[in-house]
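[1] Need a 3D model of the sequence below.
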Amino acid sequence: MTNVLGVGIATLDIINELDHYPEEDSEQRACSQRVELGGNVANSLRVLRQFGHPCDFAGVLAEDADGHRIAELMDRYGVDTSHARRVEGHAPTSYITLNRATGSRTIVHHRDLPEFDLGAFMELDPSAYDWLHFEARACDETAAMLALARAQVTDQPISLEVEKDREHLDQLWSFPDVIFFSKAFANGRGFDQPARFLHEARHWAPQAILVLGWGSEGAWLSLPDEDEPAHVPAQPVDTVVDSIAAGDTLIAGFIHARSRGASSRESLEFAARLVERKLAQAGLAGLGPDDPAADPRLLCRLEDLEDVDALGVWPGGRGQGPAPLIVTREGERVCAWRNVCPHNGSPLSRERHDFLEDHEGERQLRCNVHQAYFRLEDGLCTDGPCEGQRLEPVELERIDNRLYLTDR
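    Residues are numbered from 1 along each chain as shown. Predicted coordinates for the structure are as follows:
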């Protein structure tokens with residue numbers, strides 16, 4: 001799997017679905033409402049995570065209730081936020097009107113947080129990742145981060161998403177290996193023909209693979225060693241249900257396929273077909289084979305755990321309250337236990353990642369309430385008020401790198 005770093009934005013999307021777009025100064029009842037993780041990079045990482053790629057998010061998260069909810073959603077989808085910069089302020093929110101009649105969406109976005117900057121990026125090690133993906137935002141800072149990444153990586157690809165025009169954007173072109181352009185950006189630069197735009201963009205970034213999504217007409221690809229762009233036509237979608245994050249899905253699909261060894265053309269074909277699946281459904285759940293929404297029995301993947309680790313999990317996806325089960329790993333040995341202390345039935349921990357502590361010269365599970373310690377290999381309590389008792393084991397089934405409850 002490819003270890004991906006995404007540098008950009010995460011938002012809270014509040015999506016109202018209407019049977020038709022409202023007239024100005026009118027009142028209308030929504031057919032449905034849902035709240036989702038949003039933001040370009042966050043969406044792309046969520047899709048990549050469904051294909052098994054470890055993903056880290058580098059961006060700014062607010063320390064308010066909505067910011068905590070964004071972090072919780074990213075944790076639910078398996079995106080690591082430990083490198084995010086956390087600040088006081090109001091979390092970015094997008095109020096989205098989704099027109100069921102056409103599948104179009106209208107977005108009102110609010111943001112008052114600072115951008116992720118070079119200082120925060122310097123705390124990372126870019127060379128630790130197999131692919132680095134950036135949003136073209138605060139372009140002076142993005143240029144500095146791209147330059148630092150380029151100086152520190154060897155053959156890891158660096159990609160850039162250009163959704164809209166921004167001040168000082170043109171200084172970014174020389175750094176990426178792959179640039180993803182939006183139709184809106186091309187139109188804003190005065191181009192209504194994909195091939196003409198890509199011919200012009202080739203002068204800006206002669207070294208890069210250029211990808212251009214063009215809505216219902218499909219996507220286009222320009223390679224450094226080819227004179228003419230290639231076109232991947234869109235296939236018909238019977239009913240466009242939801243176009244939110246279609247561009248982010250295109251990016252994730254391309255990165256996934258390319259990182260698996262597919263050619264650029266094959267990668268764009270895969271990405272285009274993935275977008276069509278996305279358009280035919282609401283939201284991003286279930287696009288990849290490793291998404292719990294597509295595989296509700298999935299507890300977690302082996303790569304979700306370090307070599308010696310413990311993780312709280314929920315059968316059927318993330319739930320409320322303490323995780324009912326704990327999956328432990330020691331190298332290739334994986335076990336599962338009920339998150340219940342035999343002393344009085346309380347959870348060992350209410351946090352998803354707070355189970356292990358060094359005790360008697362080894363890593364052991366710890367009950368945070370009673371300071372009881374349990375061996376990883378057999379759940380035996382070695383110290384504390386329930387010494388000699390054991391955690392209740394849960395049978396697991398392992399298929400490749402995926403862990404499931406045994407189906408009995």
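
[2] Identify the single longest helix in the chain, thanks.
    helix 264-279 (DSSP state H).

[3] Past that helix, which element shows up next along the chain?
    Following helix 264-279 in sequence order, the next helix or strand is strand 298-301 (DSSP states H and E).

[4] what lines up beside that following strand in the sheet?
    In the sheet containing strand 298-301, the strands it pairs with under DSSP bridges are strand 402-405 (antiparallel).

[5] Provide the contact partners of the strand it pairs with at residue level.
    By C-beta atoms under 8 Å, 6 or more residues apart in numbering, the surrounding residues in contact with strand 402-405 are 290, 295, 297-302, 315, 327, 334, 336, 394-398. Placement of C-beta: from N, CA and C, glycine included.

[6] if you set the cut-off to 6 Å instead, what comes out?
    Contacts of strand 402-405 from elsewhere in the structure, counted by C-beta atoms under 6 Å, 6 or more residues apart in numbering, are 297-301, 315, 396-397.

[7] If we only consider those residues, which is nearest to residue 155?
    The shortest distance between residue 155 and any of the contacts of strand 402-405, using C-beta to C-beta, involves residue 301 and amounts to 25.7 Å.

[8] residues in contact with that closest one?
    Taking C-beta under 6 Å, 6+ apart as the criterion, residue 301 is in contact with 401-402.

[9] Recalculate using a threshold of 8 Å.
    The contact partners of residue 301, by C-beta under 8 Å, 6+ apart, come to 52, 290, 401-403.

[10] Buried ones in the longest helix of the chain, by neighbour count?
    Taking 16 or more other C-beta atoms under 10 Å as the basis for neighbour counts, the residues of helix 264-279 that come out buried are 264, 267-272, 274-276, 278-279.

[11] what would the residues you listed look like in CSV with distance to residue 97 and pLDDT?
    CSV is the format used below for those (distance: C-beta to C-beta, whole Å; pLDDT from 0 to 100):
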residue, distance to residue 97, pLDDT
264, 35, 96
267, 33, 95
268, 30, 96
269, 32, 95
270, 31, 94
271, 27, 96
272, 26, 95
274, 25, 94
275, 21, 95
276, 23, 93
278, 19, 92
279, 17, 91
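
[12] out of the residues you listed, who's nearest residue 103?
    Of all the buried residues of helix 264-279, residue 103 sits closest to residue 279, with 6.9 Å by C-beta to C-beta.

[13] The closest one touches residue 240, doesn't it?
    Yes. Under the contact definition of C-beta atoms under 8 Å, residue 279 touches residue 240, with a separation of 5.0 Å.

[14] Pull up the overlap in contacts between these two.
    The contact sets of residue 279 and residue 240 overlap at residue 103 (C-beta under 8 Å, 6+ apart).

[15] tally of neighbours for residue 351?
    For residue 351, the neighbour count with other C-beta atoms under 10 Å is 12.

[16] Was I right to think residue 92 contacts residue 113?
    Yes. Because the distance of 6.4 Å satisfies C-beta under 8 Å, residue 92 is recorded as touching residue 113.

[17] between these two, which one's more packed in?
    Applying other C-beta under 10 Å to residue 92 and residue 113 shows that residue 92 carries more neighbours, namely 24 against 18.

[18] Next up, the contacts around that one.
    Under the contact definition (C-beta under 8 Å, 6+ apart), the residues listed for residue 92 are 9-12, 39, 62, 109-111, 113.

[19] ok, for residue 136, nearest residue in space, not its chain neighbours?
    Computed as C-beta to C-beta, 6 or more residues apart in numbering, the closest residue to residue 136 that is not its neighbour in sequence is residue 162, at 4.7 Å.

[20] what do you get for residue 80?
    Counting by C-beta to C-beta, 6+ apart, residue 56 is the residue found nearest to residue 80 once chain neighbours are left out, at 4.5 Å.

[21] what sits opposite the one you found in the beta ladder?
    residue 5, residue 80.

[22] separation between it and residue 26?
    Remark: distance between residue 56 and residue 26 (C-beta to C-beta, to the nearest Å) = 44 Å.

[23] ok, the two, which is more surrounded?
    When residue 56 is set against residue 26 and neighbours are counted by other C-beta under 10 Å, the residue ahead is residue 56, at 20 against 6.

[24] So that one versus residue 343, what's the distance?
    Summarising the geometry, the distance separating residue 56 from residue 343, computed by C-beta to C-beta, is 37 Å.

[25] Also residue 143?
    Applying C-beta to C-beta to residue 143 and residue 343 gives a distance of 57 Å.

[26] between these two, who's got more neighbours?
    Comparing residue 143 with residue 343 by neighbour count (other C-beta under 10 Å), the higher total belongs to residue 143, at 20 against 16.

[27] any idea how far the more buried one is from residue 253?
    The spacing between residue 143 and residue 253, counted by C-beta to C-beta, is 27 Å.

[28] which stretches of the stretch 151-300 of the chain have low pLDDT?
    When residues are selected by pLDDT under 70, those of the stretch 151-300 of the chain lie in 289-296.

[29] on that earlier part again, which of the contacts of residue 92 has the most neighbours?
    Neighbour tally across the contacts of residue 92 (other C-beta under 10 Å): the maximum, 29 neighbours, falls on residue 10.

[30] Please state the backbone phi and psi of residue 358?
    Residue 358 has phi and psi values of phi -70, psi 130 when expressed as degrees, to the nearest 10.

[31] any idea which helix or strand carries the nearest residue to it once chain neighbours are set aside?
    The spatial neighbour of residue 358 that comes closest, neighbours along the chain excluded (C-beta to C-beta, 6+ apart), is residue 364 at 7.7 Å. For residue 364, the element it lies in under DSSP H and E is strand 362-366.

[32] Parallel or antiparallel, which strands does the helix or strand following that strand pair with?
    Following the chain from strand 362-366 toward its C-terminal end, the next helix or strand by DSSP H and E is strand 373-374. Based on DSSP bridges, the strands next to strand 373-374 in the sheet, each with its direction, are strand 362-366 (antiparallel), strand 381-383 (antiparallel).

[33] what's the closest of those to residue 35?
    strand 362-366 (33.9 Å).

[34] got the buried residues for the closest one?
    By neighbour count on 16+ other C-beta under 10 Å, the buried set for strand 362-366 is 363-366.

[35] SS state for residue 45?
    Following DSSP: H, G, I helix; E, B strand; the rest coil, the label given to residue 45 is helix.

[36] now residue 312
    Under three-state DSSP, residue 312 falls in the strand class.

[37] Repeat that for residue 377.
    Classification of residue 377 into helix, strand or coil gives coil, according to three-state DSSP.
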